[in-house]
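> Sharing a sequence plus its predicted fold:
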Amino acid sequence: MKLIAAVDGNWGIGNDCELLQVIPADMQHFKAQTMGKVVVMGRTTFESLPGKRPLSDRVNIVLSTTYDSNPTGVIVCASLLELFQQLAGYPGKAVFVIGGESVYRQLMPYCSEAYITKIRGCYTADRYLSNLDTAQDWECVAEGEWQRYKEWAYRFTIYKNWLPRDW
């Protein structure tokens, strides 16, 4: 299992159900990494997708105890046990955790890698990802060059979890 997110300098990931910044290269990176894979998200993240529709060409799983809808093209799991049972049906297929805060927190121990887009600066945020720079067992193993889009500087990084839990 892998995690993918864009974070600011405080590891903020969102505010009021919106991304902190929308950077086209980050959106392309997200799409390239997750296309053809399984994506796991929470209800709020799913509802923030354009048209509240599943991401195309991906298996979309919503992990939520409060989501009572079952939209076409989405698998809804109410617990980690149910999620892991569902994921067993996709052997050999990469799984990406795509948000939000609660789902990241629950699944981070099971992730072997994290693809983090770091956005320089700190912005108003009400949702955060755990700081992998200070997290035990996580190490940054790749850092791209800083790039610019409008007034934002960003770079792509990869972190490795040296002791992921089995699911």
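Yep, that arrived.
> So in that sheet, which strands flank the host helix or strand of Ile158, and in what orientation?
Taking DSSP states H and E as the definition, one finds Ile158 inside strand 152-161. When pairs are called by DSSP bridges, strand 152-161 turns out to pair with strand 113-119 (antiparallel), strand 138-143 (antiparallel), strand 147-149 (antiparallel).
> mind listing the helices in this protein by residue range?
When assigned using DSSP state H, the helices of the chain occupy the ranges 24-34, 43-48, 80-87, 101-107.
> quick check: mean pLDDT across the last one?
Taken as a whole, helix 101-107 has an average pLDDT of 98.
> That helix packs against which elements?
strand 2-7, strand 12-15, strand 38-41, strand 59-63, strand 95-99 (3 or more CB pairs under 8 Å, 6 or more residues apart in numbering; DSSP states H and E). (C-beta placed from N, C-alpha, C; glycine too.)
> residues of stretch 6-23 that come out buried?
Judged by neighbour count (16 or more other CB atoms under 10 Å), stretch 6-23 contains these buried residues: Ala6, Val7, Asp8, Trp11, Gly12, Ile13, Gly14, Leu19, Leu20, Gln21, Ile23.
> Reformat those as a markdown table; add distance to Leu132 and pLDDT.
Putting the buried residues of stretch 6-23 into a markdown table (distance: CB to CB, whole Å; pLDDT from 0 to 100) gives the following:
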| residue | distance to Leu132 | pLDDT |
| --- | --- | --- |
| Ala6 | 13 | 98 |
| Val7 | 9 | 98 |
| Asp8 | 14 | 98 |
| Trp11 | 8 | 98 |
| Gly12 | 14 | 98 |
| Ile13 | 12 | 98 |
| Gly14 | 17 | 97 |
| Leu19 | 18 | 93 |
| Leu20 | 17 | 95 |
| Gln21 | 19 | 95 |
| Ile23 | 19 | 97 |
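> now the strands paired with strand 152-161 in a markdown table, with distance to Arg105 and mean pLDDT?
What follows is the strands paired with strand 152-161, written out as a markdown table (distance: least, CB to CB, whole Å; pLDDT from 0 to 100):
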| stretch | distance to Arg105 | mean pLDDT |
| --- | --- | --- |
| strand 113-119 | 13 | 98 |
| strand 138-143 | 14 | 98 |
| strand 147-149 | 28 | 98 |
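> and these, which is most packed in?
Highest mean neighbour count of these: strand 113-119, a mean of 21 (counted as mean count of other CB atoms under 10 Å).
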